[in-house]
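Q: I'll drop the sequence and a predicted model, then ask my questions.
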Amino acid sequence: MKICAEAELNLLEQTLLLLPEKAIYWQEEKALIAADVHLGKSGHFRKAGIAIPQNIAQEDLAVLSDLIAQYKPAKLIFLGDLFHSTLNTDWDWFALWREQFPKLQIILVKGNHDIINDAHYHKLDIETPMEYSIGPFLMLHHPQTEAQLATAIGYVMCGHIHPGVRLQGKGRQSLTLPCFTFGERQAILPSFGKFTGKVAIRHKGDDHVFGVLENRVIRV
């Protein structure tokens with residue numbers, strides 16, 4: 001298994017390892033956190049007649065399996081959009097994958113794409129809250145406005161917007177990397193799934209931004 005270089009961040013007296021697989025390992029809680037996996041998205045496009053490789057979902061699940069083997073989390077927290085749309089053949093792969101980790105607590109904080117009936121998740125022993133408070137953090141899917149953050153109980157971790165950071169070279173060349181963004185009251189995670197895009201977002205001057213390369217995370 002490839003050993004990758006994570007970045008360590010101490011936040012609210014908690015140790016977060018930012019992983020190049022675009023997930024976070026929270027040491028104190030032994031929790032693996034990922035946003036916007038979008039399983040089933042390739043199957044959704046194939047049903048619409050668009051030629052998409054069939055193994056994308058299996059690849060994302062294999063990455064999750066590798067992270068579980070490496071970090072041995074007690075819980076896995078998905079920050080929304082775990083499955084892209086309605087049930088398709090990729091759900092069967094996901095159900096088989098879940099069977100490999102019967103002792104792992106899995107929480108899906110529901111996102112706008114999570115339209116599959118909760119009963120299907122509950123059969124796989126997966127919790128489906130709309131928000132999840134744990135330690136100093138409030139786990140959500142959608143980023144919160146400044147007004148919402150002012151009344152939020154906990155530091156928000158979320159996803160949804162698939163954030164990226166644009167790096168400019170000395171010439172006109174530029175590169176947009178997936179990124180983790182940590183603001184004063186809110187962190188936005190990059191999208192975990194391979195079949196997802198990224199959008200360069202406007203960061204505040206005091207944000208802590210970490211770009212994701214193929215096998216390491218860098219502070220930018």
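A: Good, I have the coordinates. Numbering: from 1, shown residues only.

Q: distance of residue 136 from residue 127?
A: The span separating residue 136 from residue 127 equals 20 Å under the rule C-beta to C-beta, to the nearest Å. Yep, even glycine has a C-beta here, placed from its N, CA and C like the rest.

Q: show me which of the two is the more surrounded one.
A: Remark: of residue 136 and residue 127, residue 127 carries more neighbours, 15 against 12, as counted by other C-beta atoms under 10 Å.

Q: nearest spatial neighbour of that one, skipping sequence neighbours?
A: Once flanking residues are discounted, residue 127 sits nearest to residue 107: 4.6 Å by C-beta to C-beta, 6 or more residues apart in numbering.

Q: touching, the one you found and residue 76? I think so.
A: Yes - using C-beta atoms under 8 Å, residue 107 makes contact with residue 76 at a distance of 7.3 Å.

Q: got the end-to-end distance for stretch 98-107?
A: For stretch 98-107, the first-to-last residue distance is 12 Å (C-alpha to C-alpha, to the nearest Å).

Q: then the strand of greatest length in the chain to PDB, C-alphas only?
A: Criterion DSSP state E: the longest strand present in the chain is strand 174-182. Provided in PDB are the C-alpha atoms of strand 174-182 (Å, rounded to 0.1, in the frame of the first residue of the first chain):
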ATOM      1  CA  SER A 174      -2.200  28.300 -13.300                       C
ATOM      2  CA  LEU A 175      -3.300  25.100 -11.600                       C
ATOM      3  CA  THR A 176      -6.400  24.400  -9.600                       C
ATOM      4  CA  LEU A 177      -6.000  21.900  -6.800                       C
ATOM      5  CA  PRO A 178      -8.700  20.300  -4.600                       C
ATOM      6  CA  CYS A 179      -8.300  21.800  -1.100                       C
ATOM      7  CA  PHE A 180      -9.200  21.800   2.500                       C
ATOM      8  CA  THR A 181     -10.300  25.200   3.800                       C
ATOM      9  CA  PHE A 182     -10.300  26.100   7.500                       C
END
